[in-house]
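Engineer: can you look at this prediction? I've put the sequence above it.
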Amino acid sequence: MKPSTARSACGILVVDDDARLASTLQEFLQQEGYAVEVALSAAEALAAQQRNPRLLVALVDLIMSPVDGIALMEELRRRNPDLAVIIMTGYGTIETAVEAIKRGAEDYLTKPFDREAVLKKIARLMEVFELRERVAQLEANLERNAPFDRLVVVSSVMQRVLERARTAAATAAPILLLGETGTGKEMLARAIHSASPRAGRPFVPINCGALPHELVESELFGFRRGAFTGAYADTAGIFAAATGGTVFLDEIGEMPKVVQVKLLRVLQEGELRPVGSPTPIRVDVRIVTASNRPLSTLRAEHLREDLYFRIATVVVEIPPLRARSEDIVALAQYFTGRLARRYGRQIRLTGSALELLLNHPFPGNVRELENVLESAAALSLDDPQTISGADLKPLLSEVVAPRNPGDLPEQPLSMERWERFAIQQALRLCGGNRTKTASLLGISRDTLYRKLRQFGDVA
């Protein structure tokens, strides 16, 4: 049975310290249409897997030194649990076969090889992979719109946002999500991934602002042993872990410019170079990025222009919660229902509570609304519990957002005032715990401490 184009591109790894036998097996399988790599040692095998994380089948010799075939098999499968391993042995006893299969091998082959048996075993494994892929694709097709249906949206402005995101999800285009902290950018990114053809592959999020600048490159692209102090073993980065799937780079504007250059290469060439490696490796990922900065500021001050044009093929702007009051009511009811199920009691909001929420500016957006309601529920054991305006007022700021353009103050509220207010709210909700506060605000602890120094006493 000839392999499919997609599967032959992923390939087979032959591991045997007998170079002549390995070369013969490689040539034979290549004639059958498979992409085949050869490794003459455990170290070469692990390096080959690093270069091609989507290898499907490994034919591993049992008797090798210093690492035997079963130990190598376990390490290969630890790195990729989906990898199918066939153990090759010239000592084909029942005990050897049983031990290999108990420890994770799919099958075994005895030397000298029966070519027809080799082809049948590999073809069987490839058929299993093809079936899994078809099932995953069918499930992804059935669920294509479901991820967006699970988002709680009522307002027409957010309906338009979701429609734009849904349309973009079906393409391979890079997407840039813009919105204030707490508007749900990561949730929307997950929905885009789940509604895309890559839904069956990993979704890997990373907050660029939460990483120390000196570690961003190694976290994203991986590193080789000895590349720097503490690099004791080859380590795959975020992009290798997300092969075939989606990488979500939150707070992309916080990425150092020197790393932006390397990210640009990933987008342009589909390859990256791990820290300390002279050899690039191929990667296949989709990029979704996000920022809480205005587009003009992000583009002018924080991103290289060439990178901006690469990541902003589609720009989706999420409006703040205060600009879509219909969603405040819908989200409040949704969160209240979820809290009721969590605590196993009835919880409802009064009209005065909803009115108070509708008049609150929500600088922390959806995340703040959720935390305020959770705080109110956690402070009571009543069953049924009724959350009133009086219950919520201590949890909310006294600042009231203007409801109409004519109500705007003579001097508009500054961004600094909004940031100061958000930090005050988050510190109170987190009981003064600064690590939790930084997590709630979606910023790094370093950023939080810098803001605290900037604003002075925010208590």
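Structural biologist: Looks like it arrived, so ask away. Numbering: from 1, shown residues only.

Engineer: just say helix, strand or coil for the nearest residue to residue 166 once chain neighbours are set aside.
Structural biologist: Leaving out its chain neighbours, the residue that sits closest to residue 166 by CB to CB, 6 or more residues apart in numbering is residue 148, at 5.4 Å. In short, each C-beta sits where N, CA and C put it, glycine included. With DSSP: H, G, I helix; E, B strand; the rest coil as the basis, residue 148 sits in helix.

Engineer: would you agree residue 148 is in contact with residue 165?
Structural biologist: Yes: in this structure, residue 148 is within contact of residue 165 by CB atoms under 8 Å, at 7.1 Å.

Engineer: when these two are compared, which one has more neighbours?
Structural biologist: A direct count of neighbours by other CB atoms under 10 Å for residue 148 and residue 165 places residue 165 higher, at 23 against 18.

Engineer: thinking the more buried one is in contact with residue 192, fair?
Structural biologist: Yes: assessed by CB under 8 Å, residue 165 is found in contact with residue 192 at 5.6 Å.

Engineer: please enumerate the strands of the stretch 301-450 of the chain.
Structural biologist: Ranges of strands within the stretch 301-450 of the chain are 314-317, 347-349, 385-387, based on DSSP state E, counting those that start in this stretch.

Engineer: let me see the residues that make contact with the longest one.
Structural biologist: This means strand 314-317. Under the criterion CB atoms under 8 Å, 6 or more residues apart in numbering, residues 161, 164-165, 168, 171, 173-179, 188, 295 lie in contact with strand 314-317.

Engineer: make it 6 Å
Structural biologist: 164, 165, 168, 173, 175, 176, 177, 178 (CB atoms under 6 Å, 6 or more residues apart in numbering).

Engineer: ditto for the second one
Structural biologist: Taking CB under 6 Å, 6+ apart as the criterion, the residues outside strand 347-349 that touch it are 336, 339, 340, 377, 385, 386, 387.

Engineer: can you redo these as JSON lines with neighbour count?
Structural biologist: Shown next, in JSON lines, are those (neighbours: other CB atoms under 10 Å):
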{"residue": "336", "neighbour count": "20"}
{"residue": "339", "neighbour count": "19"}
{"residue": "340", "neighbour count": "17"}
{"residue": "377", "neighbour count": "22"}
{"residue": "385", "neighbour count": "20"}
{"residue": "386", "neighbour count": "13"}
{"residue": "387", "neighbour count": "25"}
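
Engineer: need the max-distance pair from those.
Structural biologist: Pairwise distances across those (CB to CB) peak at 13.0 Å, for the pair 339 and 386.

Engineer: looking at the strands of the stretch 301-450 of the chain, which is nearest to residue 216?
Structural biologist: Evaluated over the strands of the stretch 301-450 of the chain, closeness to residue 216 peaks at strand 314-317, with 23.2 Å, by CB to CB.

Engineer: list the buried residues in the closest one.
Structural biologist: 314, 316 (16 or more other CB atoms under 10 Å).

Engineer: that one pairs with which strands, and in what direction?
Structural biologist: When pairing is defined by DSSP bridges, strand 314-317 lines up against strand 175-178 (parallel).

Engineer: please pull up the helix or strand immediately following the partner strand.
Structural biologist: Where DSSP states H and E defines the elements, the next helix or strand beyond strand 175-178 is helix 185-194.

Engineer: that next one: which residues count as buried?
Structural biologist: Counting neighbours by 16+ other CB under 10 Å, helix 185-194 gives 185, 186, 188, 189, 190, 191, 192, 193, 194 as buried.

Engineer: next one: stretch 309-328
Structural biologist: 310-312, 314, 316, 318-322, 324, 327-328.

Engineer: coming back round to it: how about CSV for the buried residues of helix 185-194, with pLDDT and distance to residue 282 added?
Structural biologist: Formatted as CSV, those follow (pLDDT from 0 to 100; distance: CB to CB, whole Å):
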residue, pLDDT, distance to residue 282
185, 95, 29
186, 94, 27
188, 96, 29
189, 96, 24
190, 95, 25
191, 94, 28
192, 95, 24
193, 95, 21
194, 92, 25
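
Engineer: which one of the residues you listed is nearest residue 40?
Structural biologist: Closest to residue 40, out of all of these and judged by CB to CB, is residue 193, at 38.8 Å.

Engineer: quick one, helices of the stretch 301-450 of the chain?
Structural biologist: 305-311, 325-343, 351-358, 365-378, 389-392, 415-429, 434-441, 445-455 (DSSP state H, counting those that start in this stretch).

Engineer: dump those helices to TSV, plus distance to residue 128 and mean pLDDT.
Structural biologist: As requested, the helices of the stretch 301-450 of the chain are exported to TSV (distance: least, CB to CB, whole Å; pLDDT from 0 to 100):
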stretch	distance to residue 128	mean pLDDT
helix 305-311	37	94
helix 325-343	39	89
helix 351-358	52	87
helix 365-378	42	92
helix 389-392	55	88
helix 415-429	49	67
helix 434-441	41	73
helix 445-455	46	77
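
Engineer: of those, flag the one that's most buried.
Structural biologist: Most buried of these, by mean neighbour count (mean count of other CB atoms under 10 Å): helix 365-378, with a mean of 20.

Engineer: quick one: low-confidence parts of the chain?
Structural biologist: Filtered on pLDDT under 70, the chain yields the residue ranges 1-10, 91-94, 131-132, 134-145, 397-418, 421-422, 425, 428-431, 439-442, 456-459.

Engineer: ok, and for stretch 126-133, which residues are buried?
Structural biologist: Residues of stretch 126-133 classed as buried: 126, 129 (neighbour count, 16+ other CB under 10 Å).

Engineer: re earlier: quick check, nearest of the buried residues of helix 185-194 to residue 113?
Structural biologist: residue 193 (42.2 Å).

Engineer: how close does that closest one sit to residue 21?
Structural biologist: 43 Å (CB to CB, to the nearest Å).

Engineer: what does residue 79 give?
Structural biologist: Distance of residue 79 to residue 21, given as CB to CB: 25 Å.

Engineer: got it, and residue 245?
Structural biologist: Residue 245 sits 36 Å away from residue 21, going by CB to CB.

Engineer: more neighbours: which of these two?
Structural biologist: Between residue 245 and residue 21, counted using other CB under 10 Å, the more crowded position is residue 245 (19 against 16).
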